[in-house]
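next input, structure requested:
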Amino acid sequence: MTFDEQAIARDLETRVRQLVATHDPAHTDPQKFLEARFDAGLAWVQFPEGQGGLAVPQSFQAQVNAALAAAGAPEPAAAKNGIGFGMAAPTIAAFGTEEQKRKFLRPLYIGEHIYCQLFSEPGAGSDLAAVATRAVREGDDWIVNGQKVWTSGAHNAQMAILVARTDPNVPKHAGLTYFLCDMRDPGVEVRPLRQITGEAEFNEVFLTDVRVPDANRLGAEGQGWRVALTTLNNERVAIGSGVPGAMIGTVAAAWRAQPELRNPAMLDDLMRLWVESEALRLTGERLRQQLASGQPGPEGSAMKLALARLTQAISGFEMQLHGEAGLRYDDWTLRRPETVDFIGRGPGYRYLRAKGNSIEGGTSEILRNVIAERVLGLPPEHRVDKDIAWKDLPR
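Residues are numbered from 1 along each chain as shown. Just a heads-up that it's a prediction; the model follows:
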């Protein structure tokens, strides 16, 4: 399909003007404005009409965002709902029925539905396809029982993307189904997990006889792995496009403010980290352009792998720069944060929290396998459980 880019740009400019004229940001409730923005197709311009978009290339979203920001329009709570915006929305758009898109996308965008991700389990982290949480069909519902872990933001979430096993008699990748689960339903219990920073941004979640309507099944029964791959690829692009640029800016500001700590060797290290951060930023821009033209591929794994290594290197350099003061960390309060604030906290927090970057969203070891097999085309590792029914696997 070809697009008349100038015509699209003019049309979007007109739509933005009309939205601002009918819903003056200075006098309109922020949520009402976001509702109107969604209905005008200016939420995610690449999505179909009636679902927050106008079916035009995603690259035009920057034009819309800039024009609305200049008009003083409120922004959606994307930071608070990172899983919703970065993972759930594109998956619903790709696999949801028309009814599901109408039902779930608008509440997600305007902030009524904050999402979490019920994927990992105590026995299924790096090997996600080994999940044991069971979903059994009962009429028009599925009865779900199991335990999930490392669930970021579950304490703030109204909805969850959930992968559960619906057929234990087939190989592990084939017996999974993907659902949208209401976290407010009976049988959902959320317990905090305290991490090395002292806070509890993630949780373990227990599901006991939770009823999930079949109408909330995303994709076909038994096709959950295919749907989940779309989520995971989007997750890795979203995670990989974040923090390092802001972190290196914070470190550079400290460098300028503390000349007594400088030495030539550290300058070399700082410049190397800055160059790597800029390279990662440009790589992320290329990946976002690729994402705009279709579904994200496994290349997002390389982005996320590079981010984990770089954030840990930058935070380690920052600790060295601050000397003895960098070793102090007294913020052990058990917080339940809505977002991960890398920049608003101190060097000690960044150093400790960066350790999680090589685990969350797929461990660095697993991502290296993905890159080797699906990007570089190297022979896959031998997998002895590939054709064995899940119920017959040793656990």
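
quick one: the helix or strand containing residue 273 to chain centroid distance?
According to DSSP states H and E, residue 273 maps onto helix 264-292. Helix 264-292 sits 20 Å away from the centroid of its parent chain (C-alpha atoms, centre = their mean, to the nearest Å).

show me what counts as buried in that helix.
By 16 or more other C-beta atoms under 10 Å, the buried positions in helix 264-292 come out as 269-270, 273-274, 276-277, 280, 283-284, 287-288, 291. In short, each C-beta sits where N, CA and C put it, glycine included.

could you dump these to TSV with distance to residue 173 and pLDDT?
Formatted as TSV, those follow (distance: C-beta to C-beta, whole Å; pLDDT from 0 to 100):
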residue	distance to residue 173	pLDDT
269	43	93
270	45	93
273	39	95
274	42	93
276	35	92
277	36	91
280	31	86
283	29	80
284	29	76
287	25	70
288	29	66
291	24	59
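
let me know the closest of these to residue 101.
residue 291 (18.6 Å; C-beta to C-beta).

where does this structure dip in pLDDT?
1-3, 236-243, 288-299 (pLDDT under 70).

go again using 80 as the cut-off
The chain contains residues with pLDDT under 80 at 1-3, 233-245, 260-262, 284-301, 326-327, 330-335, 338-342, 361-362, 395.

now do the SS call for the residue lying farthest from the centre of it.
Going by C-alpha atoms, centre = their mean, the residue of the chain most distant from its centre is residue 260, 39.8 Å out. The three-state label given to residue 260 by DSSP: H, G, I helix; E, B strand; the rest coil is helix.

export the buried residues of helix 264-292 to CSV and tack on distance to residue 211?
As requested, these are exported to CSV (distance: C-beta to C-beta, whole Å):
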residue, distance to residue 211
269, 55
270, 55
273, 50
274, 52
276, 49
277, 47
280, 44
283, 43
284, 40
287, 38
288, 38
291, 35
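
what does the host helix or strand of residue 32 contact?
Using DSSP H and E, residue 32 sits within helix 30-39. Applying C-beta atoms under 8 Å, 6 or more residues apart in numbering, the set of residues contacting helix 30-39 from outside is 19, 22-23, 25, 28, 43, 52, 68, 73-74, 76, 105-106, 109-111.

before we move on, what about stretch 326-336?
Contacts of stretch 326-336 (C-beta under 8 Å, 6+ apart): 155-156, 192, 194, 197-201, 318-320, 345-349, 351-352.

now it - C-alpha only, CSV.
C-alpha atoms of stretch 326-336 as CSV (Å, rounded to 0.1, in the frame of the first residue of the first chain):
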residue,chain,number,x,y,z
GLY,A,326,28.5,6.5,45.7
LEU,A,327,28.6,3.6,48.2
ARG,A,328,25.9,5.2,50.4
TYR,A,329,22.4,3.9,50.0
ASP,A,330,19.9,4.4,52.8
ASP,A,331,16.6,4.3,50.9
TRP,A,332,15.4,0.8,52.1
THR,A,333,11.8,1.8,52.5
LEU,A,334,9.4,-0.8,51.3
ARG,A,335,7.8,1.2,48.5
ARG,A,336,5.1,0.0,46.1
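
quick one: the strands in the stretch 101-250 of the chain, in order.
115-118, 134-138, 141-152, 159-165, 176-182, 188-193, 202-213, 217-218 (DSSP state E, counting those that start in this stretch).

tell me how far the last one lies from the chain's centre.
Shown here is strand 217-218, whose average C-alpha point lies 19 Å from the average C-alpha point of the whole chain (C-alpha atoms, centre = their mean).

likewise the first one?
For strand 115-118, the separation from the chain centroid amounts to 10 Å (computed by C-alpha atoms, centre = their mean).

on that earlier part again, could you dump the strands of the stretch 101-250 of the chain to CSV with mean neighbour count and distance to residue 101?
Compiled in CSV, the strands of the stretch 101-250 of the chain are given as follows (neighbours: other C-beta atoms under 10 Å; distance: least, C-beta to C-beta, whole Å):
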stretch, mean neighbour count, distance to residue 101
strand 115-118, 28, 15
strand 134-138, 16, 22
strand 141-152, 20, 20
strand 159-165, 26, 14
strand 176-182, 25, 11
strand 188-193, 16, 24
strand 202-213, 20, 16
strand 217-218, 25, 11
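
residue 302: which of these is closest?
strand 115-118 (21.3 Å).

pairing partners for the closest one, with directions?
If you go by DSSP bridges, strand 115-118 pairs up with strand 159-165 (parallel).
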